[in-house]
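Trainee: The amino acid sequence is not available; the structure is as follows:
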Ligand code: ACO
């Protein structure tokens, strides 16, 4: 073991790793993170040996160094900037957590008030964007609408398209508060359009807390004194916090890689929204609810669906189950499950879908297939049941996830730009035809 050496804020060279290829050996530094994660830096492998590595789906590759979120999938631990998720979900407001993720420390009262006011002041969406909304068919999926509108915002905020490194941190701050202000307005639009409610153009309608404001942007009807009850506000605040960041997942990696080309924050977030949409990622919350409904319509036989999930000839998967990094109970799912039971009880709702979900979980957790593969409920397994009780249609669930994930995407994009990360550009193992002469087949 070499003598330990700090090489950047938190990394320590702890040992050397040697790779032998065709009789030659190559040494690489080994880093140890603050939580004892060990990582080999193979940056010089190709330059010294001409060899690359392949890791499909990045199952074993760290794409960056980050100080934002720590998770230990084996132990079921998740922390934002060192704070335990459970504690944040129970004690903090979503905007406080957003500030923490993006800027690294919890805000003072004054900082939080300024952050809130800056978001509200920058929330106005140009009236012309509405023309784009009107062009979408009413059957359009709200995730597609949101991704397109977020990208369209670049046209209305041209200064924010490509922030150069020499631009001030204030420039970056202005773009961040615009994203946090304008995207909830667009989310409100995609819901309100489906329901025929008039659109609201800014958050300046009332002096409300950020989470409360989002609910108003969605649900406030004309001439209606909308006042969400305390339980609804609490559970929504909790859901947003639990979704706020999850280190280098599919959508966050997308945001970082798009941003690494120096595309601005709006287009990077738009790409993140598209990545989140898929049913293997954030789209799972809608897929879970649809799965629970079809099990109910099919007589509620959960064992039949467990059998289908295990059958390799059957494309059916138990949606909301399994995770790339959690090989233990997802800590977010644990909190959401408890919150779902309490919230529904507070509303006096006895939702049969919650019973079906609980039965599926119970059967899966004692089944050898799921035990052997360490498949547990993930964040999406119980969240849809809460959104359903909140009166949100199932095609909006992933859009709600976007609202929660915004601070994480922003924090990761900001970190990537401030650390001057190089453009993301993986290598490949070419397996196509070897060189051949052109001969037309016409
Ligand atoms: N139902 C049945 N079997 C499953 C499931 C599931 N939900 N998830 C994984 N498996 C099985 C696989 O078939 C595979 O079995 P095998 O070893 O016999 O081939 C094994 O478990 C490993 O699964 P992989 O797909 O290789 O794991 P990977 O890490 O690539 O995928 C993923 C993770 C995409 C989340 C997967 O578990 C899945 O499809 N789950 C359902 C969709 C879902 O809930 N996604 C939301 C994730 S949370 C989030 O992104 C916000």
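Mentor: Great, that's in hand. Fair warning: this is a prediction, and the values are worked out from it, not measured in the lab.

Trainee: Which residues are in contact with residue 375?
Mentor: Residue 375 makes contacts with 318, 321-322, 364, 369, as judged by C-beta atoms under 8 Å, 6 or more residues apart in numbering. Backbone N, C-alpha and C define where each C-beta goes, glycine included.

Trainee: which of those residues are close to the ligand?
Mentor: 318, 321-322 (C-beta under 6 Å from any ligand atom).

Trainee: now, which of those lie within helices?
Mentor: Under the assignment DSSP state H, these contribute nothing to helices.

Trainee: ok, the residues you listed vs residue 63, which is closest?
Mentor: Nearest to residue 63 out of those is residue 322 (C-beta to C-beta; 21.5 Å).

Trainee: rewinding a little: just the closest of the ones next to the ligand among the contacts of residue 375 to residue 234, please.
Mentor: Comparing those against residue 234 with C-beta to C-beta places residue 321 closest, at 26.7 Å.

Trainee: got a pLDDT number for the closest one?
Mentor: Residue 321 carries a pLDDT value of 96.

Trainee: ok, how many other residues are close to it?
Mentor: Residue crowding around residue 321 was assessed by other C-beta atoms under 10 Å; the count is 23.

Trainee: Now do the same contact list for it.
Mentor: Contacts of residue 321 (C-beta under 8 Å, 6+ apart): 309, 364, 370, 375-378, 381.

Trainee: In TSV: those, plus pLDDT.
Mentor: Converted to TSV, the contacts of residue 321 look like this (pLDDT from 0 to 100):
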residue	pLDDT
309	97
364	96
370	97
375	97
376	96
377	96
378	94
381	96
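
Trainee: tell me the domain boundaries of this protein?
Mentor: For the chain, automatic domain parsing gives the domain ranges 4-72, 82-275+394-418, 284-390.

Trainee: Adding distance to residue 439, write the ones you listed out as JSON lines.
Mentor: Putting the domains of the chain into JSON lines (distance: least, C-beta to C-beta, whole Å) gives the following:
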{"stretch": "domain 4-72", "distance to residue 439": "32"}
{"stretch": "domain 82-275+394-418", "distance to residue 439": "37"}
{"stretch": "domain 284-390", "distance to residue 439": "40"}
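
Trainee: still on that earlier bit, now the contacts of residue 375 in a markdown table, with distance to residue 226?
Mentor: Shown next, in a markdown table, are the contacts of residue 375 (distance: C-beta to C-beta, whole Å):
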| residue | distance to residue 226 |
| --- | --- |
| 318 | 37 |
| 321 | 36 |
| 322 | 38 |
| 364 | 39 |
| 369 | 46 |
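
Trainee: Of those residues, which is the nearest to the ligand?
Mentor: Among the contacts of residue 375, residue 322 lies closest to the ligand (C-beta to the nearest ligand atom), at 2.4 Å.

Trainee: Contacts only, for the closest one.
Mentor: Neighbour list for residue 322: 373, 375-376, 378 [criterion: C-beta under 8 Å, 6+ apart].

Trainee: Give me the neighbour count for the residue of the stretch 101-250 of the chain found nearest the ligand.
Mentor: Nearest residue of the stretch 101-250 of the chain to the ligand, counting by C-beta to the nearest ligand atom: residue 249, 6.0 Å away. Using other C-beta under 10 Å, residue 249 is surrounded by 23 other residues.

Trainee: isn't it right up against residue 282?
Mentor: No: Residue 249 is beyond contact range of residue 282, at 9.0 Å (criterion: C-beta atoms under 8 Å).

Trainee: Who's the closest spatial neighbour of the residue of the stretch 101-250 of the chain closest to the ligand, skipping the chain neighbours?
Mentor: residue 281 (7.0 Å; C-beta to C-beta, 6 or more residues apart in numbering).

Trainee: quick one: the one you found from the ligand, how far?
Mentor: Distance check for residue 281 against the ligand: by C-beta to the nearest ligand atom, to the nearest Å, it reads 4 Å.

Trainee: Remind me which helix or strand that residue belongs to.
Mentor: Using DSSP states H and E, residue 281 sits in no helix or strand.

Trainee: re the thing from before, got the contacts of residue 322 as CSV, with distance to residue 61 and secondary structure columns?
Mentor: Below are the contacts of residue 322 laid out as CSV (distance: C-beta to C-beta, whole Å; DSSP: H, G, I helix; E, B strand; the rest coil):
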residue, distance to residue 61, secondary structure
373, 21, coil
375, 22, coil
376, 23, coil
378, 21, coil
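
Trainee: count of neighbours near the closest residue to residue 303 other than its chain neighbours?
Mentor: Distances taken as C-beta to C-beta, 6+ apart place residue 363 nearest to residue 303, at 6.1 Å, with adjacent residues excluded. Residue 363 has 16 neighbours, counted by other C-beta under 10 Å.

Trainee: Just checking the distance from the one helix or strand residue 363 maps to to the centre of its chain.
Mentor: Per DSSP H and E: residue 363 is located in helix 352-365. Computed by C-alpha atoms, centre = their mean, to the nearest Å, the chain-centroid distance of helix 352-365 equals 25 Å.

Trainee: ok, now stretch 292-304?
Mentor: With C-alpha atoms, centre = their mean as the basis, stretch 292-304 stands 29 Å off its chain's centre.

Trainee: Could you do stretch 233-244 as well?
Mentor: Distance of stretch 233-244 from the chain centroid (C-alpha atoms, centre = their mean) equals 13 Å.

Trainee: and residue 176, which of the three is it?
Mentor: At residue 176 the chain is in helix, as set by DSSP: H, G, I helix; E, B strand; the rest coil.

Trainee: wait, it sits on residue 410?
Mentor: Yes: with contact defined as C-beta under 8 Å, residue 176 reaches residue 410; the gap is 5.5 Å.

Trainee: which residues do these two both contact?
Mentor: Shared contacts of residue 176 and residue 410, defined by C-beta under 8 Å, 6+ apart, comprise 102, 265.

Trainee: nearest to residue 208, of the ones next to the ligand among the contacts of residue 375?
Mentor: Nearest to residue 208 out of these is residue 321 (C-beta to C-beta; 36.5 Å).

Trainee: So what pairs up with that closest one in the strands?
Mentor: With DSSP bridges as the criterion, residue 321 is bridged to residue 377.

Trainee: who in this protein is up against the ligand?
Mentor: Going by C-beta under 6 Å from any ligand atom, the residues of the chain near the ligand are 57, 249, 280-282, 284, 309, 317-324, 373, 375, 378-380.

Trainee: Are any of these buried, and if so which?
Mentor: Listed as buried from those are 249, 281-282, 284, 309, 317-323, 375, 378-380; burial here means 16 or more other C-beta atoms under 10 Å.

Trainee: Point out where the stretch 101-250 of the chain drops to low pLDDT.
Mentor: 160-167, 206 (pLDDT under 70).
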